[in-house]
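> here is a sequence together with a model predicted from it:
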Amino acid sequence: MNRPRFQILDLLRGLLFLNMAAYHFLYDWVFLFGQPCAFMRSHNAYLWQQMICSGFILLAGCCCTLSRRPAKHGLQILGCGLVITAVTWLIMPQERILFGILHFTGLSYLLAGLLKPVFRPLPAWPMLLLSALLFMITKGIYYGYLGIFHYALWQLPAQCYQSAWLFPFGLPNASFFSGDYFPLIPWSFLFLVGYWGGPLLLQSKLFANIQHWQLPALNWIGRNTLVLYMLHQPVIYGFLLLLFH
């Protein structure tokens with residue numbers, strides 16, 4: 001029997017996608033085509049970007065618990081990420097994406113699927129709190145420190161950032177560059193916040209009251225986010241290319 005679909009999750013995913021597409025449009029407008037937009041150089045733009053990516057990662061962690069075959073789903077997402085790596089490396093090497101949101105999400109689904117037997121007996125609330133704490137402490141790892149979000153408490157040794165192959169774990173060397181970068185540390189801990197917190201939320205009375213909320217257009221976007229993600233940047237870039245050339 002098919003598990004009932006929670007419409008509110010598709011609605012939220014669709015809303016996040018529209019925000020992401022708008023952000024990418026403005027990013028390309030300013031940083032690829034040199035057009036003015038003071039907002040995109042402000043701290044508020046950074047907060048907007050963090051809200052979007054954090055929302056997607058929390059939602060992915062939650063939805064991972066609903067997936068019957070999370071490892072298979074993870075391989076599909078990871079495959080799409082590798083396609084983006086190949087295309088950006090060949091066509092736009094200055095904006096190449098080596099470990100972006102799709103690479104991260106695909107690997108997170110894959111690892112969660114493989115570790116499901118280990119996770120199953122663990123208590124949700126302590127694991128949720130531990131995951132949130134670890135995310136908070138490791139948020140600055142690829143800037144060279146551990147601490148409380150952006151407040152450094154412990155500087156990490158420079159030797160941690162010498163390898164060319166540790167960037168998936170938040171330890172890039174000086175020559176590393178990726179136009180979109182979401183390493184396993186710290187973001188896997190936020191994924192686990194969604195993984196452990198999702199079932200608690202889905203079982204709550206609040207969720208029971210809103211689980212059927214939907215707006216048809218947004219829900220359609222939310223059900224087709226992966227395909228739309230693969231298409232939206234070429235469409236945005238192509239439109240701006242026609243506009244300015």
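Right, received. Where do you want to start? Residues are numbered from 1 along each chain as shown.
> which other residues reach the helix or strand bottoming out on mean pLDDT in the chain?
Here the helix or strand of the chain ranked lowest by mean pLDDT, DSSP states H and E is helix 205-210, holding a mean of 89. Applying C-beta atoms under 8 Å, 6 or more residues apart in numbering, the contact partners of helix 205-210 are Ile8, Leu201. In this view, the C-beta of every residue, glycine as well, is placed from N, C-alpha and C.
> can you do 10 Å?
With contacts defined as C-beta atoms under 10 Å, 6 or more residues apart in numbering, helix 205-210 is touched by Phe6, Gln7, Ile8, Leu9, Leu11, Gly198, Leu200, Leu201, Leu202, Ser204.
> same thing with stretch 146-157?
Here stretch 146-157 has contacts from 134-145, 170-171, 186, using C-beta under 10 Å, 6+ apart.
> tell me the secondary structure at Trp213.
Secondary structure, DSSP: H, G, I helix; E, B strand; the rest coil: Trp213 is coil.
> burial measure for it, as a count.
The number of residues packed around Trp213, counting by other C-beta atoms under 10 Å, is 15.
> now name the helix or strand holding the closest residue to it other than its chain neighbours.
Counting by C-beta to C-beta, 6 or more residues apart in numbering, Trp213 lies nearest to Ile8, which is 4.7 Å off, once chain neighbours are set aside. Using DSSP states H and E, Ile8 sits within helix 7-27.
> list the buried ones in that helix?
7-21, 23-27 (16 or more other C-beta atoms under 10 Å).
> same check, this time on stretch 120-132
Met127, Leu128, Ser131, Ala132.
> repeat for stretch 137-157
Ile137, Thr138, Lys139, Gly140, Ile141, Tyr142, Tyr145, Leu146, Gly147, Leu156.
> can I get the residues you listed in JSON lines including pLDDT, distance to Gly61 and secondary structure?
JSON lines is the format used below for the buried residues of stretch 137-157 (pLDDT from 0 to 100; distance: C-beta to C-beta, whole Å; DSSP: H, G, I helix; E, B strand; the rest coil):
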{"residue": "Ile137", "pLDDT": "97", "distance to Gly61": "18", "secondary structure": "helix"}
{"residue": "Thr138", "pLDDT": "97", "distance to Gly61": "16", "secondary structure": "helix"}
{"residue": "Lys139", "pLDDT": "95", "distance to Gly61": "16", "secondary structure": "coil"}
{"residue": "Gly140", "pLDDT": "95", "distance to Gly61": "21", "secondary structure": "coil"}
{"residue": "Ile141", "pLDDT": "96", "distance to Gly61": "19", "secondary structure": "helix"}
{"residue": "Tyr142", "pLDDT": "91", "distance to Gly61": "20", "secondary structure": "helix"}
{"residue": "Tyr145", "pLDDT": "96", "distance to Gly61": "25", "secondary structure": "strand"}
{"residue": "Leu146", "pLDDT": "96", "distance to Gly61": "22", "secondary structure": "strand"}
{"residue": "Gly147", "pLDDT": "95", "distance to Gly61": "23", "secondary structure": "strand"}
{"residue": "Leu156", "pLDDT": "96", "distance to Gly61": "26", "secondary structure": "coil"}
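> of the residues you listed, closest to Phe56?
Using C-beta to C-beta, Lys139 comes nearest to Phe56 of these, at 16.5 Å.
> how close does that closest one sit to Ala152?
According to C-beta to C-beta, to the nearest Å, Lys139 stands 10 Å off from Ala152.
> what touches both of those two?
Tyr145, Leu146.
> was I right to think Phe189 contacts Phe104?
No: assessed by C-beta atoms under 10 Å, Phe189 is found out of contact with Phe104, at 11.8 Å.
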